[in-house]
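K.L.:
My questions concern the predicted model and sequence given below.
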Amino acid sequence: MTSNLKLAIKTALFGGAMLTATSAFSADKELLNTLLSNGSINSTQHAKLLSSGAASADTDLLDTLLSNGSINSTQHAKLSTTASTSDTSSFITKEDLKAFDWVKKIKIKGDMRYRYETQWGDKVKSRHRIRARFDVTGKPTDDLKVNMRFATGGSATSTNATLEDGFNQKSFWLDRAYFDYSPAWAQGAHFIGGKMKQQWYQVSNNVWDSDVNPEGLTLKYSAKAGPAKITGIGGYYLVNKQVDGEEAWTSNSNGLQLGHYGVDAAFKFGKNVKWSIGHNGYIYSDASKYDLGGNNAANSEFAIYEIATKLKIKTGLMPITLLAQYSGNAKAQDDAATGDSTGNSWLIGAKTKFKGAKFGYDYRSTEKNAVVESFNDSDFGGGKTDYKGHRVKLGYSFNKYFYLGATYFSATKISDNSAAPREMVQMDIKAKF
């Protein structure tokens, strides 16, 4: 492949970001690898082009790019003439480059996890599960971002698909779909709508499982105030429109809704210390008409107030992160039968890493009524309240794309010390692109 042609293709596909090329075969392979990674060619075409002879390499590559739609017929004709000329000024025009602007505006990523899980206590079971996620983010303008993510699973708190049912296909759901508008005339402001990732400050999944993606509208604003970055947030979310089996708008209710407000502050102390603290309020309307769980009974009310903090310290050997969280349900009532306290939840923990190795630990206690069982951590205590105990997490990243890990959970019932603890081990293999 000629140096002129490589230069022209790189200019066409990458907007002039790659402007040098040598005649060495390693450069040919580098270009083909780049075209493979950005989707301009597939793996079969990549292998075929690598094996092409010198005489046909240029033609084969251009024909492949044309057939895939990576270049148009006009560009194909121009590029076909570049092998015998040293004048690079006429390779690609500004109009040609505009055809590839979308490449710079779209980011595609994904991940896959294989998990073996075994648990024992009140029941014993083991299962193999997978998780697959595919994420596309487009930024058509400087002030607008649009995200869509698809995932296996099917429930608010899990994107796992259990390996069973005779090799049947696994469902792939719309996991996220939202816009994030941040106008230039309101620096620091974000208006977000749709099924979105969690926007509020948090340090653990004690109140919200990390798989939950709320649905509604969020307004967020961040600004610097001295050494701190302050963020304020408010949100309105639709949880359920069914009331006693009817659509909310055909009844006297607006359905189950969630209002949220929050404020957090982040500080930097030199280069090695970061500290943040945040407060959130989550208020549900008409919760008494729904079985959300949280006190192991229906018709519970929730107005949850949370405060959380995180301290990150860089040391010479390894970084250390300390975290703590407390939440309380203002509408919780103590257990009438036992007089036991309900409505309080707290967690303390730490994590660190050394090269590729990672370690994390936390201890938590979640009383009845403290959080909504439908949305809190689905792994600890089987996703139920009225449990306290430990979580230990170990892992190793071979690189930023491949990870092995294991997590151990031990949860004992708060209201019944004689009950067998619920224990679980998860072993994960993760790969991403």
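P.N.:
Received it, and whenever you're ready, just let me know what you need. Numbering: from 1, shown residues only.

K.L.:
Longest strand in the chain, by number of residues?
P.N.:
strand 125-141 (DSSP state E).

K.L.:
So for the helix or strand following it, what gets flagged as buried?
P.N.:
Remark: after strand 125-141, the chain's next helix or strand is strand 144-151, criterion DSSP states H and E. For strand 144-151, the neighbour count (16 or more other Cβ atoms under 10 Å) marks Lys145, Val146, Asn147, Met148, Arg149, Phe150, Ala151 as buried. Bear in mind the C-beta positions are built from the backbone N, C-alpha and C, glycine included.

K.L.:
Can you tell me which of those is closest to Ser52?
P.N.:
Phe150 (35.6 Å; Cβ to Cβ).

K.L.:
That closest one against Ser171, yeah?
P.N.:
No. Contact criterion Cβ atoms under 8 Å: Phe150 and Ser171 do not qualify, at 10.2 Å.

K.L.:
what would the buried residues of strand 144-151 look like in CSV with distance to Leu49 and pLDDT?
P.N.:
Listed next are the buried residues of strand 144-151 as CSV, based on distance: Cβ to Cβ, whole Å; pLDDT from 0 to 100:
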residue, distance to Leu49, pLDDT
Lys145, 35, 97
Val146, 33, 98
Asn147, 33, 98
Met148, 31, 98
Arg149, 32, 98
Phe150, 30, 98
Ala151, 34, 98
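
K.L.:
Name the nearest of those relative to Asp377.
P.N.:
Nearest to Asp377, judged by Cβ to Cβ, of the buried residues of strand 144-151 is Ala151 at 17.8 Å.

K.L.:
Contacts only, for that closest one.
P.N.:
Residues near Ala151 by Cβ atoms under 8 Å, 6 or more residues apart in numbering: Arg131, Ala132, Arg133, Phe134, Thr159, Phe172, Trp173, Asp175.

K.L.:
Gly278 bridge partners, please.
P.N.:
Asp264, Ala308 (DSSP bridges).

K.L.:
which residues does it contact?
P.N.:
Going by Cβ under 8 Å, 6+ apart, Gly278 touches Trp200, Tyr201, Gln202, Gly262, Val263, Asp264, Ala265, Ile307, Ala308, Thr309.

K.L.:
Produce a ChimeraX select command limited to the buried residues of these.
P.N.:
Of the contacts of Gly278, the buried ones go into a single ChimeraX selection, burial set by 16+ other Cβ under 10 Å:
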select :200,201,202,262,263,264,265,307,308,309
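
K.L.:
Would you format the contacts of Gly278 as JSON lines with distance to Ala411 and pLDDT included?
P.N.:
Output for these, formatted as JSON lines (distance: Cβ to Cβ, whole Å; pLDDT from 0 to 100):
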{"residue": "Trp200", "distance to Ala411": "25", "pLDDT": "97"}
{"residue": "Tyr201", "distance to Ala411": "25", "pLDDT": "97"}
{"residue": "Gln202", "distance to Ala411": "20", "pLDDT": "95"}
{"residue": "Gly262", "distance to Ala411": "28", "pLDDT": "98"}
{"residue": "Val263", "distance to Ala411": "31", "pLDDT": "98"}
{"residue": "Asp264", "distance to Ala411": "29", "pLDDT": "98"}
{"residue": "Ala265", "distance to Ala411": "32", "pLDDT": "98"}
{"residue": "Ile307", "distance to Ala411": "23", "pLDDT": "98"}
{"residue": "Ala308", "distance to Ala411": "21", "pLDDT": "98"}
{"residue": "Thr309", "distance to Ala411": "24", "pLDDT": "98"}
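
K.L.:
Now do the helices in the stretch 1-150 of the chain.
P.N.:
For the stretch 1-150 of the chain, helices defined by DSSP state H, counting those that start in this stretch occupy the ranges 3-14, 25-37, 43-50, 54-68, 73-80, 94-98, 101-105.

K.L.:
worst average pLDDT in these?
P.N.:
Ranked by mean pLDDT, the helices of the stretch 1-150 of the chain bottom out at helix 3-14, with a mean of 57.

K.L.:
would you list every one of the strands in the stretch 251-400 of the chain?
P.N.:
For the stretch 251-400 of the chain, strands defined by DSSP state E, counting those that start in this stretch occupy the ranges 256-269, 273-285, 303-313, 320-329, 344-354, 357-366, 387-399.

K.L.:
What separation do you get for the nearest residue to Tyr201 once chain neighbours are set aside and Lys312?
P.N.:
Here the nearest residue to Tyr201 in space, its sequence neighbours aside, is Gly278; by Cβ to Cβ, 6 or more residues apart in numbering that works out to 3.3 Å. Distance of Gly278 to Lys312, computed by Cβ to Cβ, to the nearest Å: 14 Å.
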